[in-house]
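**Student:** Dropping the sequence and predicted coords here.
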Amino acid sequence: MWDFSWLERRWPGGGFEDWDAALSELVARGYDSVRIDPYPHLLAVNPHSEYRLLPVWTQHDWGSPYALTVKVHDPLMEFLRACRRHNVGVGLSSWYRQDTFNHRLQIKTPQDHAAIWARTLELIDRAGLSDTLIYVDLCNEWPIPTWAPFFNNSPGARVADWHSAASMNWMEQAIVALRPSAPELDLTFSFTRDLLNPQKLAADVGFLDFLEPHIWMSYTTDFDQQIGYALQNFDPIGYELLASRGPRHYRANPEKWQQALTHAIDIMADWSKRTKRPLVSTECWATVNYKDGPGLDWDWVIELCDIGTRHATDTGRFVAVATSNFCAPQFRGMWRDVNWHTTLTAHIHRGSTPSRD
């Protein structure tokens with residue numbers, strides 16, 4: 001998961017100041033694919049304009065913690081060429097980053113949603129770089145308002161209720177509309193939160209080419225509630241709580257949290273089998289938010305990621321597995337042992353459609 005960091009974290013020490021170096025390290029760790037945000041809503045407005053992006057948070061190490069001005073088109077094509085040089089495939093997703101004009105709110109219908117992706121794919125094709133692409137995830141963690149503020153869910157729906165009538169209708173119509181522009185790419189929407197809800201797992205997802213649930217121990221249990229952690233995007237208290245309580249609470253009963261994680265993975269694998277849809281997870285396993293910092297011990301996070309990756313691979317249902325959602329170069333604590341990642345990484349089978357039986 002290189003999200004929007006590939007473009008926004010290009011300052012010295014940001015992790016992406018040298019794309020070739022970052023990609024070389026990625027390959028050395030055993031990976032052959034990345035998932036990035038090409039800012040489709042901005043490319044659709046004017047691919048060559050400058051945009052002033054506003055920070056979605058200041059506390060997490062994805063993207064920029066400050067407002068910054070970017071151009072998208074030329075850097076995107078340069079990045080895709082770098083991926084080609086390193087034989088790294090690219091999955092496209094979008095977090096619909098907010099710019100000063102909030103262009104993302106121009107998306108009014110599923111057809112609008114498809115059109116911005118069609119334009120993005122057209123621009124990539126014109127640059128002769130379509131062969132670098134693997135799939136399109138039309139919206140990261142649909143339909144959480146942080147990432148999809150243009151969508152109005154059904155009355156009474158909760159934040160991450162992708163199985164509502166309005167959501168199902170939107171997703172299916174958007175994929176149908178985009179399909180002619182992406183005949184060789186798998187199309188999907190990624191999901192998170194409340195993943196084990198039987199109502200959600202009973203929904204008809206036949207229009208998705210594959211399932212992309214983001215499976216974390218801390219989102220499939222009450223671990224965060226027990227330590228008093230909530231999502232603090234602009235307040236350092238969240239990381240202070242994780243540093244002081246997270247490792248200790250995990251180590252008091254590690255088997256409980258490990259079993260909860262593997263149980264969630266098994267439920268997702270059963271969902272894949274029942275729906276006859278391949279299973280991918282590009283954000284996963286331990287806690288949702290973490291970073292390098294005072295008192296932030298990576299050992300327990302790495303342990304859970306080790307268990308999650310091995311168990312997911314052993315299910316035989318996952319066609320692509322990330323070792324965590326900290327797979328980008330700015331998370332140095334996660335990368336201290338290159339061999340660990342090399343032995344754990346499972347590769348997506350680029351160039352062929354996974355079997356759905």
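**Tutor:** Great, that's in hand.
**Student:** Name the spans of this protein whose pLDDT lies under the cut-off.
**Tutor:** Segments of the chain classed as low confidence (criterion: pLDDT under 70) are 337-357.
**Student:** mind listing the strands in it by residue range?
**Tutor:** With DSSP state E, the ranges of strands along the chain come out as 33-36, 50-53, 68-71, 89-92, 133-137, 186-188, 190-191, 212-213, 215-216, 279-281, 284-285, 318-321.
**Student:** how about these in JSON lines, adding distance to residue 246 and mean neighbour count?
**Tutor:** Using the backbone N, CA and C atoms, a C-beta is placed for each residue, glycine as well. As requested, the strands of the chain are arranged in JSON lines below (distance: least, CB to CB, whole Å; neighbours: other CB atoms under 10 Å):
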{"stretch": "strand 33-36", "distance to residue 246": "26", "mean neighbour count": "23"}
{"stretch": "strand 50-53", "distance to residue 246": "30", "mean neighbour count": "16"}
{"stretch": "strand 68-71", "distance to residue 246": "30", "mean neighbour count": "15"}
{"stretch": "strand 89-92", "distance to residue 246": "30", "mean neighbour count": "23"}
{"stretch": "strand 133-137", "distance to residue 246": "29", "mean neighbour count": "23"}
{"stretch": "strand 186-188", "distance to residue 246": "31", "mean neighbour count": "22"}
{"stretch": "strand 190-191", "distance to residue 246": "25", "mean neighbour count": "25"}
{"stretch": "strand 212-213", "distance to residue 246": "23", "mean neighbour count": "28"}
{"stretch": "strand 215-216", "distance to residue 246": "13", "mean neighbour count": "24"}
{"stretch": "strand 279-281", "distance to residue 246": "22", "mean neighbour count": "25"}
{"stretch": "strand 284-285", "distance to residue 246": "14", "mean neighbour count": "30"}
{"stretch": "strand 318-321", "distance to residue 246": "23", "mean neighbour count": "24"}
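**Student:** Turn those strands into a markdown table, columns for distance to residue 118.
**Tutor:** Listed next are the strands of the chain as a markdown table, based on distance: least, CB to CB, whole Å:
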| stretch | distance to residue 118 |
| --- | --- |
| strand 33-36 | 18 |
| strand 50-53 | 20 |
| strand 68-71 | 21 |
| strand 89-92 | 12 |
| strand 133-137 | 10 |
| strand 186-188 | 11 |
| strand 190-191 | 19 |
| strand 212-213 | 20 |
| strand 215-216 | 30 |
| strand 279-281 | 22 |
| strand 284-285 | 29 |
| strand 318-321 | 24 |
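**Student:** This structure: helices as residue ranges?
**Tutor:** All helices of the chain, identified by DSSP state H, fall at 5-8, 19-28, 40-45, 73-85, 110-126, 165-178, 198-201, 223-227, 237-252, 254-275, 299-315, 338-344.
**Student:** Mind checking the strands of the chain for the one nearest to residue 153?
**Tutor:** Comparing the strands of the chain by their distance to residue 153 (CB to CB), the top pick is strand 190-191, with 13.4 Å.
**Student:** Output the contacting helices and strands for that closest one.
**Tutor:** With contacts defined as 3 or more CB pairs under 8 Å, 6 or more residues apart in numbering; DSSP states H and E, the secondary structure elements packing on strand 190-191 are strand 212-213.
**Student:** how far away is the residue located most distally from the centre of the chain from residue 220?
**Tutor:** Note on the chain: the largest C-alpha distance from the chain mean falls to residue 252, namely 30.0 Å (CA atoms, centre = their mean). Relative to residue 220, residue 252 is positioned 19 Å away (CB to CB, to the nearest Å).
**Student:** on that earlier part again, so for residue 127, which of the strands of the chain sits nearest?
**Tutor:** Taking CB to CB, strand 133-137 is the member of the strands of the chain nearest to residue 127, at 11.5 Å.
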